[in-house]
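[1] the following comprises the amino acid sequence and a computationally predicted model.
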Amino acid sequence: MSELEGRTFLVTGGNTGIGRATAAGLAGRGGRVWIAARSRAKGEAAVAAGLVASGDGLAGSSFVAVQRWAHDLRVFHGHTPPQCDDMIGRRRDTNEEMPDAPATSHVKRSTQESYDPPAFMVRRSMPWATTAGQGLEFIAYGHSLDAFERMLRRMCGLEDGIVDALFVFSRPTTGGYYWCPPLKNDGRLDLRILGL
Ligand code: HEM
């Protein structure tokens, strides 16, 4: 019998981030999990974008792209607030998306539906800071790394020559690809595909 069999859990915000990981962890240990998410469709879309759908030893796993971006905040703050908003494509004071943002704005470059096929991914980035600098630890989960790679190509201007304005004040300094294995019913990692 699994560790949590017969027990029921309600996980709020269970379609993204820590909530989603918690829900998966509880289910992996045999718990019955109810996910309280803002929308069922959103929850399903996150699972479809972030997890491999099928394949022996592959289903439920996730491919992960991690990049450490280093910001030069002196450059960023050398711009006026409207210029900063234009670089991101979102208004800092209201957090609203700007429909008329320049084509170079990050949000315009990265709108997932504007790719063919759409470049959906599940992002879970974290800020970082040391005495030597600061920036964003970018993390994206996908059923493959394809969406991430296509988006990065467009951000770099390799598709149409338009470079993402993020590069004005930030740049990736390290990066790597990882694979998160699926979980077995007993909550342990399923490493079959690696022959383990
Ligand atoms: C310095 C690094 C980065 C910063 C500061 C940054 C910041 C942001 C911000 C502020 C947003 C809008 C709010 C949101 O939807 O979360 C956003 C959206 C997004 N970013 Fe980034 N981002 C960075 C790097 C990347 C990279 C490397 C990728 C992928 C290759 C990426 C993909 C996306 C996507 C897919 C969206 C949502 C776009 C949509 O509305 O569909 N970002 N980012």
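    Now that the structure is in, tell me what you want to look at. Numbering: from 1, shown residues only.

[2] next up, the contacts around the residue nearest the centre of the chain.
    Nearest to the mean C-alpha position of the chain, by Cα atoms, centre = their mean, lies R123 at 1.3 Å. Residues near R123 by Cβ atoms under 8 Å, 6 or more residues apart in numbering: F138, I139, A140, Y141. Backbone N, C-alpha and C define where each C-beta goes, glycine included.

[3] how does this protein divide into domains?
    8-61+181-194, 63-179 (automatic domain parsing).

[4] between the two ends of the longest one, what distance do you get?
    Translated: domain 63-179. 5 Å (Cα to Cα, to the nearest Å).

[5] swap in stretch 31-39?
    Across stretch 31-39, first to last residue, Cα to Cα, it's 22 Å.

[6] for that stretch, what is the average pLDDT?
    Average pLDDT, stretch 31-39: 72.

[7] can you narrow the contacts of R123 to ones near the ligand?
    F138, A140 (Cβ under 6 Å from any ligand atom).

[8] most neighbours of all the contacts of R123, which one?
    Within the contacts of R123, most neighbours by other Cβ atoms under 10 Å means A140, with 23 neighbours.

[9] what's the helix or strand for that residue?
    strand 133-142 (DSSP states H and E).

[10] report all helices and strands that that strand contacts.
    Helices and strands touching strand 133-142, by 3 or more Cβ pairs under 8 Å, 6 or more residues apart in numbering; DSSP states H and E, are helix 40-50, strand 62-71, strand 122-123, strand 126-130, helix 146-155, strand 170-180.

[11] redo that, cut-off 7 Å
    Contacting strand 133-142 under the criterion 3 or more Cβ pairs under 7 Å, 6 or more residues apart in numbering; DSSP states H and E are the following elements: helix 40-50, strand 62-71, strand 122-123, strand 126-130.

[12] the ligand is nearest to which of these?
    Nearest of those to the ligand, taken as Cβ to the nearest ligand atom: strand 62-71 at 3.7 Å.

[13] is the helix or strand just after that closest one in proximity to the ligand?
    Counting by DSSP H and E, the next helix or strand C-terminal to strand 62-71 is helix 73-77. No. Contact of helix 73-77 with the ligand (Cβ under 6 Å from any ligand atom) is absent, the minimum separation being 9.7 Å.

[14] so what's the gap between helix 73-77 and the chain middle?
    25 Å (Cα atoms, centre = their mean, to the nearest Å).
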